[in-house]
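Q: Mind folding the following:
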Amino acid sequence: MGMRDLQETFSPRGTTATWLAGGGAAALGLGLAVSAIANAVSPTASVTGSTILAGVAALVVTLPLLYVCSRMASRVELLRREVQRLGQRDGLTACLNEPTFSALVDTYAGRRTVEDGATRGTILLIHLDDIPVVNDRFGYSWGNEALARVAGAIRGTVRQGDIVGRISGNQFGVFLPGAGEADARGVANRIHDNVTGLDFFPAGVRYPLSIRAGAVILADQAKFDDLLKTAADTLETTRGEDWIRYASMGGWPQEGAAKLQ
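A: Modelled structure (predicted):
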């Protein structure tokens, strides 16, 4: 069953509507039956009295049914939201998964206009170097722990409104809407400090984690795939202490823009 099927299954509309329609029909039928019985038993009974009796009978059925339906609708809505959340998140790191991340970045990168002199934002492609070594030396559970810890450090560092996603096995994407060089520099340096400062002790042995990153400042419309390719190409140029480099797309000025440090 796909995610769309799950969302449709947990959609509150069909379940609640069915219960309310069935309950309403049952209440109406009960009310009419009570009214008919009352008229048969006492043909001289007033129409008003029969109507009141039918209404009371309908309420006896309808009120509990409405209560049950409201509780059911609330629970189904919670399940629907949870299914939607799980469909957008990476299970290990709690970051956005690649399809959701790319769709959100496309929304920002594809905007027709921005304010004069402003950037559309900056993307950081962050590569965690140590996963193969951690997996081989300590086991895959510790590799997963490293990924989760790094993801937590990144998510705890970015600004409100920034977007964090897991792009691939050991790569994370961070999109900083509206961020130019100064903002990107500040966020990137804080991410680097927080990740390299993690106390990571696989099997009781301290193992310092390291990251590299490619940053792309976007000044014009672009597709996510093109933006990510430029970030990946920029990432490949990092060497040694030059842990992060950046490029531009769409005419952002590059004078003196050799690296973030």
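Q: switch to C-alpha atoms for all contacts and neighbour counts from now on
A: Fine.
Q: For residue 218, give me its contacts.
A: By C-alpha atoms under 8 Å, 6 or more residues apart in numbering, the contact set of residue 218 is 109, 119, 120, 121, 122, 123, 248, 249, 250, 252.
Q: mind listing what residue 188 touches?
A: Taking C-alpha under 8 Å, 6+ apart, we find residue 188 in contact with residue 124.
Q: and if you look at the one 10 residues further on?
A: Each residue near residue 198 by C-alpha under 8 Å, 6+ apart is listed here: 149, 208, 209.
Q: what about it, which SS state?
A: Three-state call for residue 198 (DSSP: H, G, I helix; E, B strand; the rest coil): coil.
Q: Quick check: phi and psi at it.
A: Taking degrees, to the nearest 10, you get phi -60, psi 140 for the backbone angles of residue 198.
Q: Which parts of the stretch 151-261 of the chain are helices?
A: 181-196, 224-235 (DSSP state H, counting those that start in this stretch).
Q: Quick one, which of those gets closest to residue 88.
A: Closest approach to residue 88 among the helices of the stretch 151-261 of the chain (C-alpha to C-alpha): helix 224-235, 17.3 Å.
Q: Is it possible to get a markdown table of the helices of the stretch 151-261 of the chain that adds distance to residue 93?
A: Putting the helices of the stretch 151-261 of the chain into a markdown table (distance: least, C-alpha to C-alpha, whole Å) gives the following:
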| stretch | distance to residue 93 |
| --- | --- |
| helix 181-196 | 14 |
| helix 224-235 | 20 |
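Q: Name the stretch from the ones you listed that approaches residue 173 most closely.
A: Across these (criterion: C-alpha to C-alpha), the nearest stretch is helix 224-235, sitting at 8.8 Å.
Q: could you give the mean pLDDT of the closest one?
A: Over the span of helix 224-235, the pLDDT mean works out to 93.
Q: May I see the buried residues of that helix?
A: 224, 227, 228, 230, 231, 232, 234, 235 (16 or more other C-alpha atoms under 10 Å).
Q: Alpha carbons of that helix, as PDB, please.
A: Taking Å, rounded to 0.1, in the frame of the first residue of the first chain, the C-alpha atoms of helix 224-235 are listed here in PDB:
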ATOM      1  CA  PHE A 224      16.300  21.800  -7.600                       C
ATOM      2  CA  ASP A 225      18.300  19.300  -9.700                       C
ATOM      3  CA  ASP A 226      20.400  22.000 -11.200                       C
ATOM      4  CA  LEU A 227      20.900  23.600  -7.800                       C
ATOM      5  CA  LEU A 228      21.900  20.300  -6.200                       C
ATOM      6  CA  LYS A 229      24.300  19.500  -9.000                       C
ATOM      7  CA  THR A 230      26.100  22.800  -8.600                       C
ATOM      8  CA  ALA A 231      26.300  22.200  -4.800                       C
ATOM      9  CA  ALA A 232      27.700  18.700  -5.400                       C
ATOM     10  CA  ASP A 233      30.300  20.000  -7.800                       C
ATOM     11  CA  THR A 234      31.300  22.700  -5.300                       C
ATOM     12  CA  LEU A 235      31.500  20.100  -2.600                       C
END
